[in-house]
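> Here is a sequence with its predicted model. Questions after.
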Amino acid sequence: MRGPWLTAVFGLVLLVGVTLLFVTGLLSYAAYNPDLAPVNDQTPGKGWLGFYLFSWPTSPHWLYRLTQGLHVVLGVVLVPVLLAKLWSVIPKLFEWPPVRSVSHGIERLSLLLLVGGAGFEFATGILNVQLHYVFPGSFYTLHFYGAWVFIGAFVVHIASRLPRAVRAVRAPGAQPAAGTPEAAGLVSPRPAAATISRRGAVGMVGLGSLALFAVTAGQSVGGWTRRSALLAPHGRDPGSGPNGFQVNKTAASVGIRPGDIGPAWRLTVRGPGRRQVVLTRDELLAMEQNEAALPIACVEGWSTPDQLWSGVRLTALAALVTPGTDAPQVLVESVQRAGPFSSVALRDNQVRDHRSLLALRVNGAVLSPDHGYPARVIVPGAPGVNNTKWVTRLTFGEPA
């Protein structure tokens, strides 16, 4: 069953799929606005690897939900294809002697980076989806640099193999004889009796991918399909009622204590020139309240449907300390003690969007502690971790 046709079919599927994975991964990184402030970026020293970065937009408000949902779902769906492709080229991976010349050695090195990079990226991505951080260091840094190593080897491999793969797919007839150039070292000289056809093998892998899609995609699509998302992260039941939608991390899991969000809680709003306003939650509720229907979308691939948030516009809070000017960028700080992203910087275009709120209520009810009580930021199109919960300080205009 092994041979150029089977390997080429899986390879061409991966060519399309991995390209989409890489592009959506780059978009996910851009969504954090990593050039804005160190608190947004955990990949220091990226240098020219950030050449493409741009200011992440706020419209459409579902943009990150779409790009990251596609990234995670596609990453899971491609696992059977990747494993089948590796199985089909096992004879090439263990050919002897391993290096026959300088050019052959370079090819083997690129193959090592390709196979190792693929395994590393898929494994760390799936572990991140389940919040299972067993690898050393930051996931963001490891996954970012791993992606560039992998895609470099991927491009080299495609450049050298694509013409041969296209020819193999266009000639799906009889298997070429072992040892011929057309066999490409993939055909066994003593094959066992076939128990399944090559097309049957492709169909089996396709069914495996379809099954993974069925138990994964619902976490991003939402609605009734969410019940089929058996591989959704956490498996936590968010309960019912106005606050009955998924959270990434609970208040208890990041060390939020009752006193941190109790009656003594205050919001400090700062601006240039030592301007400062301190507000209680009642004073925030006394300000003009606005509503915005926005989802929460997280890097793990899950998202919520649009929730109806209400609170004070960030532009209104900026006006308290930056009068007479357009709302600038803001550094948002939380009372959260443990874990990354307890602080985040938002660009001026995010602050100025009329849907960007310091939310005090959701779906007509007071925020629950797990959803960020007493106040949280909600910004259209931003990753979930940039919608900071348990906010205690907003600093407008100054470098974050």
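Received it, and whenever you're ready, just let me know what you need.
> Break down this structure into its helices, ranges please.
Counting by DSSP state H, the chain has helices at residues 4-31, 63-77, 79-88, 90-93, 102-129, 139-170, 198-214, 218-221, 281-286, 314-321, 348-352.
> In CSV, list those along with mean pLDDT, mean neighbour count and distance to residue 329.
Where C-beta positions appear, they are placed from N, C-alpha and C, glycine not excepted. Compiled in CSV, the helices of the chain are given as follows (pLDDT from 0 to 100; neighbours: other CB atoms under 10 Å; distance: least, CB to CB, whole Å):
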stretch, mean pLDDT, mean neighbour count, distance to residue 329
helix 4-31, 95, 20, 16
helix 63-77, 95, 22, 19
helix 79-88, 96, 19, 39
helix 90-93, 83, 13, 50
helix 102-129, 89, 16, 28
helix 139-170, 91, 16, 21
helix 198-214, 95, 15, 39
helix 218-221, 84, 22, 29
helix 281-286, 97, 14, 21
helix 314-321, 96, 20, 10
helix 348-352, 96, 20, 5
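> so which of these gets nearest residue 184?
helix 4-31 (5.2 Å; CB to CB).
> next one: the closest one to chain centre, how far?
How far helix 4-31 lies from its chain's middle: 15 Å, per CA atoms, centre = their mean, to the nearest Å.
> For it, which helices and strands make contact with it?
Secondary-structure packing of helix 4-31 (3 or more CB pairs under 8 Å, 6 or more residues apart in numbering; DSSP states H and E): helix 63-77, helix 79-88, helix 139-170, helix 198-214.
> now these in TSV, with distance to residue 268?
Shown next, in TSV, are those (distance: least, CB to CB, whole Å):
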stretch	distance to residue 268
helix 63-77	28
helix 79-88	47
helix 139-170	29
helix 198-214	46
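> Roughly how far does the nearest residue to residue 371 once chain neighbours are set aside sit from residue 295?
Closest residue to residue 371 apart from its sequence neighbours, by CB to CB, 6 or more residues apart in numbering: residue 243 at 5.5 Å. Going from residue 243 to residue 295 by CB to CB, to the nearest Å gives 15 Å.
> in the protein, which residue is closest to the centre?
residue 299 (3.6 Å; CA atoms, centre = their mean).
> Which one of the helices of the chain lies nearest to residue 364?
Closest to residue 364 of those is helix 281-286 (CB to CB; 13.8 Å).
> for the stretch 251-400 of the chain, which spans come out with low pLDDT?
Across the stretch 251-400 of the chain, the ranges flagged by pLDDT under 70 are 338, 398-400.
> One more pass at 90, please.
Applying pLDDT under 90 to the stretch 251-400 of the chain flags residues 252-255, 272-274, 300-302, 323-327, 337-341, 398-400.
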